[in-house]
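> Sequence and predicted structure are below.
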Amino acid sequence: MREDPSPSASARSHWQPIPTGPLPEALALWASEHGYAHLELGRQWERMLDWHRKEGKLSADWPASWRTWLGREKPQDVPSVVTAEDSAREHQLSQLRSRLAANRRMVDPDPEEIAELESALAAMGAEG
């Protein structure tokens, strides 16, 4: 008799829906501390969620799914000390980029908010 390869009902009950919103701060910090700060973390987060939506995939552990997603990329050498300021800046950039991308995807985007976000990114020496 062959076993059914589909997950049991109890395993499925632990699956969590696809997150909404920007990259959580704890996941951005983990990525920065493990050599992935060179990536556009907010964009990677959106790409991961979009892929899960497209494939209809859920996860029992979204932080683990994030680590797996980033594991496909090559980390850069991690400086011996990641300052709180560096982490905060990367998180702020990630948040701004996520908001900008979400606004651009809107049916009726707000040109003033887009300009404001692009200006904030430019002031930080980054692109949107």
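Received it, and whenever you're ready, just let me know what you need.

> Can you report how many residues lie near L41?
Neighbours of L41 under the rule other Cβ atoms under 10 Å: 26. C-beta coordinates here come from the backbone N, C-alpha and C atoms, glycine included.

> Kindly report the same for E73.
Neighbouring residues of E73 were enumerated by other Cβ under 10 Å; the total is 13.

> wait, it sits on Y36?
Yes. E73 lies in contact with Y36 (Cβ atoms under 8 Å); the separation is 6.4 Å.

> and for these two, which residues touch both?
Contact with both E73 and Y36 is made by residues Q44, according to Cβ atoms under 8 Å, 6 or more residues apart in numbering.

> tell me the contacts of the residue most central in space within the chain?
In the chain, the centroid-proximal residue (Cα atoms, centre = their mean) is W45; its distance is 2.1 Å. Under the criterion of Cβ under 8 Å, 6+ apart, the contact partners of W45 comprise 22-23, 27, 66, 94, 98.

> now do M124
Contact criterion Cβ under 8 Å, 6+ apart gives 89, 92-93, 96 as the residues in contact with M124.

> now the residue nearest to the centre of the chain: how far from A115?
23 Å (Cβ to Cβ, to the nearest Å).
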